[in-house]
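Engineer: Take a look and give me a structure for this.
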Amino acid sequence: MPKAAKELGALAVSRLTAPGRHTVGKVAGLALQVTPSGARSWVLRAIVGGKRREIGLGSYPAVSLKEAHARAQDKRDEISSGIDPVLARKEAASRIRSEQAMEITFEEAARRYIKAKSAEWSNIKHADQWKNTLTEYAYPVIGKMLVRHVARPHVVEILEPIWTTKTETAARVRGRIESILDWARVSGFRDEGINPAAWRGNLDKVLSSPKKTKQVRNHPALPIDEMPAFMVTLRAIDGMGPRCLEFAILTAARSGEARAARRQEIDFERGVWVVPAERMKMKKEHRVPLPPAAMRLIKALPDGAPDALLFPGTRGNLLSDMTLLMILRRQKLEATPHGFRSTFRDWASEYTNYPRELAEVALAHLKGDATEAAYWRSDILEKRRRLMTDWANFIGKPLKKGSVTPINKTT
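Structural biologist: Predicted structure coming up:
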């Protein structure tokens, strides 16, 4: 115990301005420390477990003499009860830093998981496929949420809207979320317990079995792996209707845009179809880079006047949407011409590493997001041309059911 010092009053303390350490009494070891610059602060000197400690109690005059006495006495009491105040403060600070290090978002956890696992994925585009589907479906709901806070209701919120309309995609999203949350648990970012994205004994109680879920769409779409076989069938059918439907599929265009296409809208030299704003849903001119398959189709059509329809009906009039729909009905397919746009969107998300925004521009989906707006401003025509060419190549080749054809193009 330090030698008792004369107790100073508030006025006397206020006059302590000389650099050095000035004991103020009442509580042993309490002093006012004055630096050469004139800054003043309270310090308590004490012996704790045989080790000298200097314990800071705050600056003066923000901490008054009376409050300094109280703080110093509290520290003396802690020491008497076997606590080292300095060590306790360091441990508390260390715990805070440790807890903060564990506070990562789901999006950050996903990024780390993909980086950790990508080396073992045989398909180099696999990581980008993960990023695309997570960006499309998971991040809007849980991307900014701490990974330890992700719970079953959040996973259900992600999956329910697409469970019956994009069952294959939804099942993959569920599996990817489950893997990321498992990684987060093993890495210490989540507590032990049931993975909220696990299927058996968990989500199977609130969602229908993927194998038994009937695909229900406002515009029923053909499954991706059935597209190559369908294209063989479609190309074997003569007539303007089948050629118009083929053109719509190759360009991911709306049925009405394809049926009303005119020869003067085709830039044969650059291989671009310019759809005027008045025919677009968003009332904005849309440029479509045509893949070689689409150019071959157009060049094989009968010649006509510049303002003539590319795909005229038997009387030279506009084909009806029912004409295209009946092609599918005759093949006993529960799909619509518009549904092929959904098939294209699923393919771009699941089978390629193209940015989501690029596919959205190809579909003429005008969004308010700044990133997508940038895609519209620059139009990124050649990147879109690669996208549409890959799509045409994909649906133009035989595909074993359940297989995935990797796209080796880069954007």
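Engineer: Could you use CA atoms for every contact and neighbour count after this?
Structural biologist: Noted.
Engineer: Specify the next element, helix or strand, located C-terminal of the helix or strand of the chain with the lowest mean pLDDT.
Structural biologist: Averaged element by element with mean pLDDT, DSSP states H and E, the chain has its least confident helix or strand at helix 370-378 (a mean of 59). For helix 370-378, the following helix or strand on the C-terminal side (DSSP states H and E) is helix 381-395.
Engineer: Show me what that next one is packed up against.
Structural biologist: helix 227-235, helix 240-251, strand 286-289, helix 292-299, helix 356-362 (3 or more C-alpha pairs under 8 Å, 6 or more residues apart in numbering; DSSP states H and E).
Engineer: out of the ones you listed, nearest to residue 173?
Structural biologist: Closest to residue 173 of the helices and strands packed on helix 381-395, according to C-alpha to C-alpha: helix 356-362, at 15.0 Å.
Engineer: and that closest one, what does it pack onto?
Structural biologist: helix 339-350, helix 370-378, helix 381-395.
Engineer: if you compare those, which one is most tucked away?
Structural biologist: Ranked by mean neighbour count under mean count of other C-alpha atoms under 10 Å, the helices and strands packed on helix 356-362 are led by helix 339-350, which reaches a mean of 22.
Engineer: ok, residue 84 to residue 91 distance?
Structural biologist: Here residue 84 is placed at a distance of 10 Å from residue 91 (C-alpha to C-alpha, to the nearest Å).
Engineer: which of the two has more neighbours?
Structural biologist: Shown here are residue 84 and residue 91; by other C-alpha atoms under 10 Å, residue 84 has more neighbours (18 against 12).
Engineer: quick one, what contacts the more buried one?
Structural biologist: The contact partners of residue 84, by C-alpha atoms under 8 Å, 6 or more residues apart in numbering, come to 48, 78.
Engineer: which SS state does the residue nearest to residue 57 when sequence neighbours are not counted fall under?
Structural biologist: In space, residue 57 comes closest to residue 42 once its chain neighbours are excluded; the distance is 5.2 Å by C-alpha to C-alpha, 6 or more residues apart in numbering. Following DSSP: H, G, I helix; E, B strand; the rest coil, we place residue 42 in the strand state.
Engineer: how much space is there between residue 42 and residue 296?
Structural biologist: Using C-alpha to C-alpha, residue 42 is found at 86 Å from residue 296.
Engineer: out of the two, which sits in the busier spot?
Structural biologist: Neighbours were counted for residue 42 and for residue 296 using other C-alpha under 10 Å; residue 42 has more, 28 against 11.
Engineer: And the longest helix along the chain, what does it pack against?
Structural biologist: Secondary structure of the chain per DSSP state H: the longest helix is helix 167-186. Helix 167-186 sits against helix 106-117, helix 126-133, helix 152-163, with contacts defined as 3+ C-alpha pairs under 8 Å, 6+ apart.
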